[in-house]
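J.: here's my sequence, what's the structure:
(one chain, ligands or ions: 1)
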Amino acid sequence: MSGNSKNYDIVIAGGGMIGTSLALALAPLGIRVAVVEAVARKAATQPSFDDRSTALSRSTQRMFEAMGLWADIVAASTPIRGIHVSDKGRFGFSHIDAEEQGVEALGYVVINRVLGGVLQEALDNLQAIDVLCPARIVDIELAPDMATAVVAHVDGEQDELNCSLLVAADGANSAVREMMGITAQKSLYEQRAVIGNLLPERDIDNIAYERFTQQGPLAVLPVADRRAGFVWTVSEDDAERVMTLDDEQFLAELQQEFGYRLGVFSRVGKRASYPLVLSRALRLTATRSVLIGNSAHGLHPVSAQGFNLGMRDVAAIADCIAEAKALPGNFDPGTDNMLEQYANWRRADQQKLVRFTDSLVKLFGSERGPLRTLRNIGMLGFDLVPGVRSAFAKHTMGLAGRLPRLSRGVPLE
Ligand SMILES: Cc1cc2nc3c(=O)[nH]c(=O)nc-3n(C[C@H](O)[C@H](O)[C@H](O)COP(=O)(O)OP(=O)(O)OC[C@H]3O[C@@H](n4cnc5c(N)ncnc54)[C@H](O)[C@@H]3O)c2cc1C
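T.: Prediction:
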């Protein structure tokens, strides 16, 4: 192999939404960190920082506050002051209100590309973190005392990065996870999420709408300039047809699913579509390596939780690394004990959210009789029973369970 061999404390595979956030979270620890990212942030093909809009939960907000990044992120985001949940073809709806929950906003919507700009700028200002991009991890070796990542650059050169801990943040189809010997269980929803933005006739007024239709859920979110971002779930069989409709036909079909609560839709922007897959890694760690973000769990976007859940992985692993740093003696952030601590910390939250999201898709996506009845009761019960509603709101805000320092808004150092 040609190229260099370099030593780090932590190597992060994947500099998307989660990998970049982890690098920034670790910055105050003053440790040696490298991020390896395959696709340049501004490239049209960048798969993480793209045109999707992401709803940031309150626990994600607290993390970014603790990392000193929130002022820049909030300036580029739109607050959600209410969530409106309805079911096409049924009367009644549920409404979760920020004021009722005693918070200023239930979350904030940000375009991934815009969030990427803020995170990347912060990363560019940190001399201590090496970013190798575009470069891809093509092989790894995991030994009891050290992990090694083989990095291939676009010119064909290869480097070896040695580290105490290798963190896989390379997304749902994680190659590094496979190299770690960890299997992911995958189930296809046979649905696609079609995303884009449009102009509603009426002011969306900081309300996020979620509507369950026969094909699947449809979310309409407030974004900048009075526009609304949409995430429309369509069946895999119908996706190509929907994607190739002209703008007028597309808006007419979308309007039919959503109704006229926001008046007439117009001026739809560029559309993109994503296959929807539930993926769950069977383990979270291997020797000197861990999974975070989508490499550990890929969710249906129905509950707008994938990134937020991944950020709680970031908070937990960053906390474990900070604890290892505070121990006397040599700093070793990749011990079996530490990995076990991380896995124990994250298992319950991940499993709960995977189940919650999957059952929401199935409950609201099914046409079968008993489930349809359940879904009606579920919607009603959801709105009428304050305990259920506030438990749901707490979880979607990411405030349930034992919290790492960053999730509580406490800086690491
Ligand atoms: C339509 C849609 C809407 C969503 N809305 C929300 C929402 O409202 N709220 C929310 O919380 N979540 C939402 N999500 C989920 C969220 O987008 C993901 O959870 C999040 O992008 C995961 O980030 P990640 O960094 O783990 O993975 P990714 O975004 O997949 O990033 C992985 C990165 O790793 C890089 N990479 C891959 N392989 C290698 C390699 N071998 N070497 C180096 N680099 C590599 C890739 O180029 C990429 O940049 C949504 C998802 C979809 C599909």
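J.: neighbours around the nearest residue to G14 once chain neighbours are set aside, how many?
T.: With CB to CB, 6 or more residues apart in numbering as the criterion, G14 has its nearest non-adjacent residue at 3.6 Å, and that residue is D170. Placement of C-beta: from N, CA and C, glycine included. By the measure other CB atoms under 10 Å, the count of residues near D170 is 29.
J.: do L126 as well
T.: 14.
J.: spatially central residue in this structure, please.
T.: Residue closest to the average C-alpha location in the chain (CA atoms, centre = their mean): F307, at 1.5 Å.
J.: doesn't that residue belong to a helix?
T.: Yes - counting by DSSP: H, G, I helix; E, B strand; the rest coil, F307 is located in a helix.
J.: the nearest residue to it once chain neighbours are set aside is in what secondary structure piece?
T.: Among residues not flanking F307 along the chain, T54 sits closest, at 5.2 Å (CB to CB, 6+ apart). Using DSSP states H and E, the element containing T54 is strand 53-56.
J.: and what about the residue of the stretch 101-250 of the chain at minimum distance from the ligand, helix, strand or coil?
T.: Proximity of the stretch 101-250 of the chain to the ligand (CB to the nearest ligand atom) peaks at G171, 2.7 Å away. Local secondary structure at G171 is given as coil here, using three-state DSSP.
J.: name the nearest residue to it, sequence neighbours excluded.
T.: Counting by CB to CB, 6+ apart, the residue nearest G171 is N294, at 4.8 Å.
J.: what's the answer for S21, then?
T.: Excluding the flanking residues, the one nearest S21 by CB to CB, 6+ apart is V314, at 5.2 Å.
J.: what do you get for A38?
T.: The shortest distance from A38 to any non-neighbouring residue, by CB to CB, 6+ apart, is to R136 (4.4 Å).
J.: hmm, back to that, the ligand versus the residue nearest to the centre of the chain, what's the distance?
T.: F307 sits 3 Å away from the ligand, taking CB to the nearest ligand atom, to the nearest Å as the criterion.
J.: how far away is that residue from V110?
T.: For F307, the distance to V110 (CB to CB, to the nearest Å) stands at 10 Å.
J.: the helices in the stretch 251-400 of the chain, which residues?
T.: 306-326, 336-365, 369-384, 386-397 (DSSP state H, counting those that start in this stretch).
J.: ranking the ones you listed by mean pLDDT, which is last?
T.: If those are sorted by mean pLDDT, helix 369-384 sits at the bottom with a mean of 46.
J.: tell me what the residue nearest to F307 is bridged to.
T.: Per DSSP bridges, the residues bridged to T54 are V110.
J.: my guess is it contacts V109. True?
T.: Yes - counting by CB atoms under 8 Å, T54 sits close enough to V109 to count as a contact (7.1 Å).
J.: now S5, nearest residue through space, not along the chain?
T.: Leaving out its chain neighbours, the residue that sits closest to S5 by CB to CB, 6+ apart is E160, at 4.4 Å.
J.: need the contact list for the one you found.
T.: 1, 3-6, 148-151 (CB atoms under 8 Å, 6 or more residues apart in numbering).
J.: what about those, which one has the most neighbours?
T.: A149 (27 neighbours).
J.: what's it in contact with, if anything?
T.: With contact set as CB under 8 Å, 6+ apart, A149 has these partners: 11, 13, 36, 137, 139-140, 160-161, 163, 166, 176.
J.: check V361 too.
T.: 189, 216-217, 300, 302.
J.: go again using 6 Å as the cut-off
T.: By CB atoms under 6 Å, 6 or more residues apart in numbering, the residues touching V361 are 300, 302.
J.: what separation do you get for it and the ligand?
T.: Look at V361 and the ligand: by CB to the nearest ligand atom, they are 13 Å apart.
J.: contacts for stretch 50-59?
T.: 107-112, 195, 221, 223, 229, 304, 307-308, 397-399, 407.
J.: returning to what we had before: is whichever helix or strand comes after the strand holding T54 positioned near the ligand?
T.: Counting by DSSP H and E, the next helix or strand C-terminal to strand 53-56 is helix 58-66. No - judged by CB under 6 Å from any ligand atom, helix 58-66 makes no contact with the ligand; its nearest approach is 7.5 Å.
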